[in-house]
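K.L.:
Can you look at this prediction? I've put the sequence above it.
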Amino acid sequence: MKRKIYQIASLFLAVFLFNTAIAQDTTQKIIEGRKNDKSQINKPYVILISADGFRADFTELYDAQFLKSVSQTGVRAKFMTPSFPSLTFPNHYSIVTGMYPSHHGLVDNTYFDKASGLEYRMGNTKMVGDGKWYGGTPLWVLAEQQKMLSASFYWVGSEAAIQNTRPTYYYVYNEKLDIAARIKAVKDWLILPEDQRPHMITFYLPQVDHEAHTYGPNDKHVEDAVHFVDSSVNALQATLSTLNLPINYIFVSDHGMTKVDNDNTISMPIAIDTAAFRVPWGDALLHLYAKDPSKIQSAYDALKKDSSISVYKLDETPAHWHSTTSDDRYHRLGDLIVVPHLPKVFNFSTRKTTLGKHGFDNHIVDMRATFMAWGPAFKKGLSIDEFENVNVYPLIANILGLNYDEAAIDGKLNVLKPILQPTPISMKAAKNN
């Protein structure tokens, strides 16, 4: 018995060390042998920056001076509507694929895949790096397929071989590299010879989300994180401004954040029989996967009686969720979706949950995301109404002159095309200005 316990303990230690090693990997990954096609060399550059959890009103609420300045001289949306659920993995991937989560397959940070019988978890580094979980064609894959090089300083899916393709330059996600090292890496990419230089770059900042989860959105820690993001984007642009390249910056967030009642949370409803349903972890929503379909109706009827929650069958979900049976292309949505009534959230742990949360209905004001854009491709001093985040994909593809299948995505170019200058500015034209 002792030997068996020792073997189990050793196995868990090995798994822990393996995952820790991956998490601490700070080395740049380079796919050798790729070059920009001659037709791509004079194209513009796009740096897509995401500040996780940067709610639409944080710029003014916390006086982010650089972002206020560039949003006034460039393009600023009143807000950007995230996709449902308003969670990190689904929305980052919607931004770079132009598809709703139910269409690209990342329907939650954690979900059950009916086809494989496996549960995808954002914390599982092996799964995160496996391309089979990701549908659609991310912008970096689109670029590489058309012989335009790309790079990623983090983004959901960028570590995986999606359609057998990764960015030419990328990093495995870690929080050990400081902002100066990250900015230097981007500059190093952009001073490479023209045929080796990436035109599509993603850049991710997690600080606001971290602090807003822990302390709630109305806290000095969040203000400090917003100022860190503001100064970081300022430093990135200042560092690259000497390169004389037509760089276009798009600053977005994946979702907003709201304060919840973390003292009076909702435990597992009695009506949910965990012997009859698989219930992956969730606090803003639950997917219930029936092991026996005959149990769905009785569970639904019982959950309907609970005034602290709402329960939906797929074909009665709100239209703006895009979460019907016909939407569920990868069969990953729960048979029932259960959501708490704010400010309540689910908590099935003995530990107190955090004060700030997201993942709720994407039309809730506090879930609103940020969108700003500036650079030679964009009009100046333009304020626009809200739009869905799936429309960022065709915008970037258009700026880079990349071909894509309009019918295969949910985003529409005509939504954001009015923010573009009439004629794209090439690198040669920029050098002459």
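P.N.:
All right, it came through fine.
K.L.:
ok, residue 251 touching residue 370?
P.N.:
Yes: with contacts counted by Cβ atoms under 8 Å, residue 251 reaches residue 370, the gap being 6.8 Å. Heads up, the C-betas are built off the backbone N, CA and C, glycines and all.
K.L.:
Find the residues that touch each one of these two.
P.N.:
Residues touching both residue 251 and residue 370 by Cβ atoms under 8 Å, 6 or more residues apart in numbering: residue 51.
K.L.:
ok, now which ones touch the residue most central in space within the chain?
P.N.:
For the chain, the residue sitting closest to the mean C-alpha position, by Cα atoms, centre = their mean, is residue 92 at 1.7 Å. Applying Cβ under 8 Å, 6+ apart to residue 92 gives the contacts 50, 155, 156, 157, 204, 254.
K.L.:
Check residue 67 too.
P.N.:
Per Cβ under 8 Å, 6+ apart, neighbours of residue 67: 59, 229, 230, 233, 251, 372.
K.L.:
now the strands for the stretch 201-350 of the chain?
P.N.:
247-252, 258-259, 277-278, 286-290, 309-313, 336-340 (DSSP state E, counting those that start in this stretch).
K.L.:
Of those, which is nearest residue 169?
P.N.:
strand 247-252 (16.1 Å; Cβ to Cβ).
K.L.:
so what does that closest one touch, helix or strand wise?
P.N.:
strand 45-51, helix 65-73, helix 220-240, strand 371-374, helix 392-400 (3 or more Cβ pairs under 8 Å, 6 or more residues apart in numbering; DSSP states H and E).
K.L.:
Save the ones you listed as CSV, and put in mean pLDDT too.
P.N.:
Putting these into CSV (pLDDT from 0 to 100) gives the following:
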stretch, mean pLDDT
strand 45-51, 98
helix 65-73, 95
helix 220-240, 98
strand 371-374, 98
helix 392-400, 98
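K.L.:
got the domain boundaries for the chain?
P.N.:
The chain is divided into the following domains under automatic domain parsing: 40-99+136-260+362-432, 277-357.
K.L.:
what ranges do the strands span in the stretch 51-200 of the chain?
P.N.:
75-77, 80-81, 110-113, 118-121, 150-153, 169-171, 200-205.
K.L.:
what residue ranges in this structure score low on pLDDT?
P.N.:
1-23, 424-433 (pLDDT under 70).
K.L.:
can we see that at 90?
P.N.:
Within the chain, the ranges that satisfy pLDDT under 90 run 1-24, 423-433.
K.L.:
Okay, helices next: where are they in it?
P.N.:
Ranges of helices within the chain are 2-23, 58-61, 65-73, 88-97, 101-104, 125-128, 139-145, 179-190, 207-215, 220-240, 296-304, 392-400, 413-416, 427-432, based on DSSP state H.
K.L.:
Please identify the buried residues of the third one?
P.N.:
Within helix 65-73, the residues that qualify as buried are 66, 67, 70, 71, counting by 16 or more other Cβ atoms under 10 Å.
K.L.:
between the residues you listed, which is nearest residue 356?
P.N.:
residue 67 (20.5 Å).
K.L.:
who touches stretch 27-42?
P.N.:
144, 146-149, 166-172, 185, 194-197, 199, 401, 426-428.
K.L.:
tell me how far it is from the chain's mean position?
P.N.:
24 Å (Cα atoms, centre = their mean, to the nearest Å).
K.L.:
Straight-line length of it, end to end?
P.N.:
29 Å (Cα to Cα, to the nearest Å).
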